[in-house]
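Undergrad: Below are the sequence and a predicted model; questions follow.
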Amino acid sequence: RVIDLFKIDCEECEWSSYPDFVEYDNIRQVLIEVHHIKNTQLSVDFFDAFKNNNLVMYSKEVNPLGGATLEYSFIRMRPSFLGD
């Protein structure tokens, strides 16, 4: 089954749940609210997982009601788009 749009806002569970959906090739777009980003290996692994699965960030917004919360949008592209 193809999922055109997958939105997740799970109040910090994004850090543990992203491996469960990022590799699912039938998701075309992911909208995710990310809480308390820190410059750690976990955040590097998080964003690398999206890139490694051909999910390209096309939007990043600060959530004005969420304190240290950002909203990211990713779209799945063909592997040749990234030129790796």
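TA: Arrived safely, thanks for sending.
Undergrad: these two touch, right, N26 and V2?
TA: Yes. Using Cβ atoms under 8 Å, N26 is in contact with V2, at 4.9 Å. Any C-beta I mention is one placed from the backbone N, CA and C, and that applies to glycine too.
Undergrad: neighbour count winner among those two?
TA: Neighbour totals were compared for N26 and V2, and N26 leads with 10 against 7 (other Cβ atoms under 10 Å).
Undergrad: Please report phi then psi for that one.
TA: Dihedral angles of N26 (phi, psi; degrees, to the nearest 10) stand at phi -90, psi 10.
Undergrad: Residues contacting the worst-scoring helix or strand of the chain on mean pLDDT, please?
TA: In the chain, the helix or strand scored least confidently by mean pLDDT, DSSP states H and E is helix 79-82, which has a mean of 81. Contact with helix 79-82 is made by 51, 54, 56, as judged by Cβ atoms under 8 Å, 6 or more residues apart in numbering.
Undergrad: Just the buried ones among the residues you listed, please.
TA: N54 (16 or more other Cβ atoms under 10 Å).
Undergrad: mind putting the contacts of helix 79-82 in a markdown table, secondary structure, pLDDT and distance to F21 included?
TA: As requested, the contacts of helix 79-82 are exported to a markdown table (DSSP: H, G, I helix; E, B strand; the rest coil; pLDDT from 0 to 100; distance: Cβ to Cβ, whole Å):
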| residue | secondary structure | pLDDT | distance to F21 |
| --- | --- | --- | --- |
| K51 | helix | 94 | 15 |
| N54 | coil | 94 | 14 |
| V56 | strand | 96 | 16 |
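Undergrad: Reformat the contacts of helix 79-82 into JSON lines and put distance to L42 next to each item.
TA: Shown next, in JSON lines, are these (distance: Cβ to Cβ, whole Å):
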{"residue": "K51", "distance to L42": "15"}
{"residue": "N54", "distance to L42": "21"}
{"residue": "V56", "distance to L42": "21"}
